[in-house]
Structure formats: C-alpha cells, structure tokens
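S.K.: Below is the sequence, then the predicted model.
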Amino acid sequence: MRQGLSEDLIARVLGVAPKYTISELEEKFPPRDLPEGAMVTRFAPSPTGMMHLGGLYQALIDSKLAYDSHGVFMLRIEDTDTKREVVDAVTLIISSLKKFGIKYNDMPEYGPYYQSERRDIYHSVAAELLRTGRAYPCFLTADDMERIRSEQSAAGFATGIYGEFARDRDISAEEIIKHLDNGEMPTIRLYSTGDPAKRIFCKDAVRGSIGFPENNEDIVLIKSNDGLPTYHFAHLCDDHFMRTTHVIRGEEWLPSLPLHTQLFRMMEWTPPLYIHTSTIDKIDSETGKQRKLSKRKDPESNVAFFLQEGWPTMAVLEYLGNIAASGYEEAKLKGMVKTIWEYPIKPKKIPMSGALFDMKKLEWWAKEYIGAMAVPDLVKSVTDWANEYGDEKQKMQVADTDYLTAVLAIERDKPRRVRKDFITWSQTLEIVEFFWDELFVANTEYEYNRDVLKAFLETFDVADDKDTWWNKIVEIAGKFGIKNGDVAMNLRVALSGRTNTPDLYSIMQVMGGTRVTKRIKDLL
Ligand code: GLU
C-alpha cells in the first residue's frame, strides 16, 4: 500500500467529492432478503447495436437460474464505453429479450441499472481506495503509454502499466497538485500488490478452482476522459452492491478472473460465483471444422436474424436451453417436461467448451415446437411476424384471419399426425402461398390428363363429405383405367402447382368450390 490521499486531493483527482462512504453504500444496498439458495443474476450487455446469440444464451441461463431458485434476474446496461455506443442499442436489447420471452425484474432499490448513472457509487468506492493507498491518480498520457509499450516490447517484457513501468505508482501529493494545477486530469489506477510469481486460486462453477499467476498490473479503475469506470471496476462495484450471487459471462472474461478475484479480496467482499460460458460454435461449411460463430460471416450470430427470418423464438430458446442443460431434449421427448422453462439448468453442467449451434438441428426444434402449437397460437405468431417483418405479399396473406386459420389448420386435428413441415413463420407462409390467387403459380410443366380433370369438374360438389368425394375419384379412375392416386395427383397439381401437399380434400374444403372450379377451368 502507498500513502493515502487527503479528502481535498481525492475530490480534485476525481473531479467531484465522493457522495458516500463504503458503509453508507452497504446500508443503501443491503444484502437481499431472499430465501436460502436464491440466486441473483444479471445480464450485462454493452449497447453496441447488436445482440449476439451468445448473449441470448447467457440471458437464458441467468433468468433460469434466478427464477428456478426464487431469486432475482436483472438487466444492467454497461454503457461506460461512450465511444462505442449506438443510438437505440438499448431499445434493441430490451425488445429482443421481450420477444424471446426473457423477463427480468426491475427492482429500483438496487438500481440504477445504467452504469452511466452509477458514477456516485464508483467514485465513492474509488475515493475509499485512494484514501487507503490502494489506488492512485496516474498522469501518464497516451504518448507516454505508447512509449512504455514499445520499450517493453523491444525488451521482451510483458506490456502494461506495472511495477517499475508504473511511473506514478508512488506519486507524492506535491506532484499530484502540480499536474492538477497544470490542468491535467488523471486516470485512477489500482495500486496492485500482486506478484506474478505467486498463484491465486479462483473459482468457476463449471471449471472448479483455477490457479492463475497473480495480477501485478495497475489497471485503470476510472477513466480520465469521462470519469467512468472500466469494466473491471464497474463489475466489482456493481456486482457487490447489486448483491449478485452468480455471474454468467463469456469465456473471454476468464483471463480477467485473477484480477477480479484480487479486487474482491482487496475489498474483503465475497465474490460472486462465476460461470464462464463457452463460445457458441458452428461447423464451418467449407472446412468441416467446428469454429466460433463469426459476427461477419454468420448471420445467425446476431439474434436479430432469428426475429427477421421468423424463427419461433421459443424454438431458439429451447435449443439454447438444451445446450446449457443437455438432458432437456430427452426429458422433453419422454414427455416429462413441455418447455425449457420447466427443466432446471445446473451451473455445474453448463458446457465449458464447444457449444455447437447447428441450424439444421434448430430446424428440428422449430418443427417440434410448431407441431405442438394450437392453431390460434400458430395463426397469431405468423400474423404478428408478418405484420412486423413481412413483405407486402406476406402481409396480404395474414390480412384475412379466418382464411389463414383455415389454411394453417389443415392436418392439425389429429394430435399424433400433426404435419411437421413448418419451420419458420416466413417459410410457413411460403409453403401455403398457393391458397391465395394472387400468389398461386400454375404448374405448366406437369402433363395433366385433361379428360380426368374435366370428369372431376362434372361431378365435383364442395359440399360432399370426404367419403363421397373420394368415391367419385375412385369412379373416375375406374372409368379411365388409371390409379386413384393419379387422379388425385392431377387435381393436386392443378390446384396447388405442386406434387406434394397436405391432404387434398382439406385443401379443396379450405379453398372453396368456386376457387377449385376456377383453377381447374383456367387450366383447361
Ligand atoms: N458488458 C460485458 C460484456 O458484454 C459484460 C460481461 C459480464 O457479464 O460481466 O461482455
């Protein structure tokens, strides 16, 4: 530890007098009154304008752990990087969580939930560190640091501000005053007492205890340009005073774990239990190798992709849930649980590497999910999607709810034989396009048996029940000496343009007598 700073100097180096003492903060944000074992989690995205699939994965784990244990799940906006911020990025995060059905509790007592509104807290903690010689103001300029970095690289040393390279580590009050009088604004750095020759043991819920060399870098706690904290310092202050019990974050933070453990120990605060999630991977179509989803190459790395393409959000969640808790799929297939919300995610079992997210497998989850939907819910999902993301054509398809309902209800009445060809809302609308005259494209390639079609028209009555209707087809087949199926195929292609459709009788019932007759007549 070094010499602490006077209250007066603290206010000058921070640019503001600290508002609270640590004990006032402890009192303001007391330990939460929750049942034994309740987990407090938070999703802490930076508003960058895109939400990564890995973020959704973490938010799902966060919310499941909290709700399953009767705890609390918070959304905290990490908007301390003012350079990277994007307008509307927060709205995008909030609306994405909402669309995926991930709810967080809003508990104003432990807020605010935007880091940019928590300066008082960071400054108060920083003040305590300055007061007790565990932090110091550093006046190194960008140029100074660049010079130090190149000297270090040239000499083969680790880069960074540590030990003898930390010029201002032991700066005196007189020197501080000189810099301040000069109009310079310092960063606030940690006065690290770590020794890389020693090991620090840190806990990760999945990986167990991991030994790292101790951190000796005097990392920045508060930035000089805007007085906002770095991620490391905000994590310390926020997860302590928000009383977070479990931090679920990407494995890119694993190397920072010794630093974070050091910070919590220095404060004599209990650190949260960390769960570092693996990257979300795919099999590269060119190399055949498993690799991390790339923001640049893989549209599915962005959560917005699934919304725009009309993937059932619940199917995406189910699949992510099955990655986090691999027994889910089996439990669901056995009928033990219906949705991922009913199946527990166990921190220890969350995979620590190579979580594969395969679009083909997602199709399976989507088919299962849509297959189990009640018709009105299906209609609503398709309609809501088309109205928000669809093109003019798709909006037209959902305009008449009764017709759409009739179309989508085909082959869904027998629970054991529900059609499983719908995957996304947009693809669903595409499959059934032929029901709309404006979108129907006659199949001009098929070699129709015109006499068969004519014969059908002569006896067709839309009011016929299925048996009567079928008997007429059988009769026509007999008359022409062809198979029943050939008669049906002629009708199927004439009406839909396709050789593969759901139940033909239902199609005619939904289309109605006039449309059926007209389509066949037009063809003839
Ligand atoms: N803002 C950090 C990120 O987006 C949060 C990491 C964490 O959850 O602590 O990676």
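M.R.: Received the coordinates, thanks. Numbers count the residues shown, from 1 in each chain.
S.K.: Whichever residue of the stretch 151-300 of the chain sits closest to the ligand: what's it in contact with?
M.R.: Residue nearest to the ligand within the stretch 151-300 of the chain (Cβ to the nearest ligand atom): Arg249, separated by 3.5 Å. C-beta coordinates here come from the backbone N, C-alpha and C atoms, glycine included. Shown in contact with Arg249 (Cβ atoms under 8 Å, 6 or more residues apart in numbering): 44, 58, 274-277.
S.K.: filter those down to the ones close to the ligand.
M.R.: Ala44 (Cβ under 6 Å from any ligand atom).
S.K.: Just the contacts of Arg249: which are in helices?
M.R.: Among the contacts of Arg249, DSSP state H puts Gln58 in helices.
S.K.: any chance of the contacts of Arg249 in JSON lines, plus pLDDT and neighbour count?
M.R.: Output for the contacts of Arg249, formatted as JSON lines (pLDDT from 0 to 100; neighbours: other Cβ atoms under 10 Å):
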{"residue": "Ala44", "pLDDT": "97", "neighbour count": "26"}
{"residue": "Gln58", "pLDDT": "98", "neighbour count": "24"}
{"residue": "Tyr274", "pLDDT": "98", "neighbour count": "23"}
{"residue": "Ile275", "pLDDT": "98", "neighbour count": "25"}
{"residue": "His276", "pLDDT": "97", "neighbour count": "21"}
{"residue": "Thr277", "pLDDT": "97", "neighbour count": "24"}
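S.K.: any idea which of the contacts of Arg249 is the one closest to Ala372?
M.R.: When the contacts of Arg249 are ranked by distance to Ala372 (Cβ to Cβ), Gln58 comes first, at 26.6 Å.
S.K.: Ramachandran coordinates for the residue nearest to that closest one when sequence neighbours are not counted?
M.R.: Nearest residue to Gln58, sequence neighbours excluded (Cβ to Cβ, 6 or more residues apart in numbering): Ile248, at 5.0 Å. Per-residue torsions, Ile248: phi -100, psi 120 (degrees, to the nearest 10).
S.K.: Closest to the centroid, which residue in the protein?
M.R.: Nearest to the mean C-alpha position of the chain, counting by Cα atoms, centre = their mean, stands Leu56 at 1.6 Å.
S.K.: roughly how far apart are it and the ligand?
M.R.: 12 Å (Cβ to the nearest ligand atom, to the nearest Å).
S.K.: ok so that residue is a helix residue?
M.R.: Yes: under DSSP: H, G, I helix; E, B strand; the rest coil, Leu56 falls within a helix.
S.K.: quick one, what contacts it?
M.R.: For Leu56, the contact set (Cβ under 8 Å, 6+ apart) comprises 96, 100, 102, 303, 316-317, 320.
S.K.: and for stretch 163-174, what are the contacting residues?
M.R.: 2-3, 5-6, 9, 136-140, 144, 148, 152, 157, 175, 186, 189, 191, 216, 218.
S.K.: Can you pick out the ones from the residues you listed that are in strands?
M.R.: Using DSSP state E, the subset of these located in strands is 136-138, 189.
S.K.: now the strands: where do they sit in this protein?
M.R.: Under DSSP E, the chain gives strands at 40-43, 72-75, 135-138, 187-190, 199-204, 208-213, 220-222, 246-250, 273-277, 280-283, 290-292, 355-356.
S.K.: any chance of those in CSV, plus distance to Phe456?
M.R.: Below are the strands of the chain laid out as CSV (distance: least, Cβ to Cβ, whole Å):
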stretch, distance to Phe456
strand 40-43, 59
strand 72-75, 60
strand 135-138, 87
strand 187-190, 83
strand 199-204, 69
strand 208-213, 71
strand 220-222, 80
strand 246-250, 62
strand 273-277, 59
strand 280-283, 49
strand 290-292, 54
strand 355-356, 50
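S.K.: Alongside the ligand, which residues does this protein contribute?
M.R.: For the chain, the contact set with the ligand under Cβ under 6 Å from any ligand atom comprises 44-46, 78, 235, 247, 249-250.
S.K.: Pick out the most distant pair among those.
M.R.: Ser46 and Val247 (15.1 Å).
S.K.: Those two: which is more packed in?
M.R.: More neighbours surround Val247 than the other of Ser46 and Val247, with 23 against 18 (other Cβ atoms under 10 Å).
S.K.: Surely that one touches Leu273?
M.R.: Yes: at 7.4 Å, Val247 counts as touching Leu273 under the criterion of Cβ atoms under 8 Å.
S.K.: residue ranges of the helices in the stretch 101-250 of the chain, please?
M.R.: Remark: helices assigned in the stretch 101-250 of the chain by DSSP state H, counting those that start in this stretch are 119-131, 142-155, 173-181, 231-241.
S.K.: sorry, back to before: and the buried ones among the contacts of stretch 163-174, selectable in PyMOL?
M.R.: A single PyMOL command selects the buried members of the contacts of stretch 163-174 (16 or more other Cβ atoms under 10 Å):
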select buried, resi 2+5+9+136+137+138+139+140+148+152+186+189+191+216+218
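S.K.: thinking again about what came up before, so which of the contacts of Leu56 sit within helices?
M.R.: Using DSSP H, these in helices are 96, 303, 316-317, 320.
S.K.: Out of those, which comes closest to Glu26?
M.R.: Proximity of the ones in helices among the contacts of Leu56 to Glu26 was ranked by Cβ to Cβ; the top entry is Ser96 with 34.6 Å.
S.K.: give me the number of residues near that closest one?
M.R.: For Ser96, using other Cβ under 10 Å, the count is 22.
S.K.: List of residues touching stretch 399-408?
M.R.: 375-376, 378-379, 382-383, 397-398, 428, 432, 435, 510.
S.K.: Just the C-alpha atoms of that stretch, please, in PDB.
M.R.: The C-alpha trace of stretch 399-408 is given here as PDB (Å, rounded to 0.1, in the frame of the first residue of the first chain):
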ATOM      1  CA  ALA A 399     -54.900 -10.000 -43.600                       C
ATOM      2  CA  ASP A 400     -57.900 -12.400 -43.600                       C
ATOM      3  CA  THR A 401     -57.500 -14.200 -40.300                       C
ATOM      4  CA  ASP A 402     -60.300 -16.700 -40.900                       C
ATOM      5  CA  TYR A 403     -58.900 -17.800 -44.200                       C
ATOM      6  CA  LEU A 404     -55.400 -18.000 -42.800                       C
ATOM      7  CA  THR A 405     -56.700 -20.000 -39.800                       C
ATOM      8  CA  ALA A 406     -58.400 -22.500 -42.200                       C
ATOM      9  CA  VAL A 407     -55.300 -22.900 -44.200                       C
ATOM     10  CA  LEU A 408     -53.000 -23.400 -41.200                       C
END
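S.K.: Can you give me the buried ones in it?
M.R.: 403-408.
S.K.: what's the closest of the residues you listed to Phe460?
M.R.: Ala406 (18.9 Å).
S.K.: still on that earlier bit, okay, the ones in helices among the contacts of Leu56 in CSV with pLDDT next?
M.R.: CSV is the format used below for the ones in helices among the contacts of Leu56 (pLDDT from 0 to 100):
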residue, pLDDT
Ser96, 96
Val303, 97
Val316, 98
Leu317, 97
Leu320, 98
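S.K.: Could you identify the most distant pair in those?
M.R.: Ser96 and Leu320 (13.3 Å).
S.K.: where does the chain dip in pLDDT?
M.R.: Within the chain, the set of residues satisfying pLDDT under 70 comprises 85.
S.K.: Was I right to think Ile410 contacts Ile507?
M.R.: Yes: Ile410 lies in contact with Ile507 (Cβ under 8 Å); the separation is 6.9 Å.
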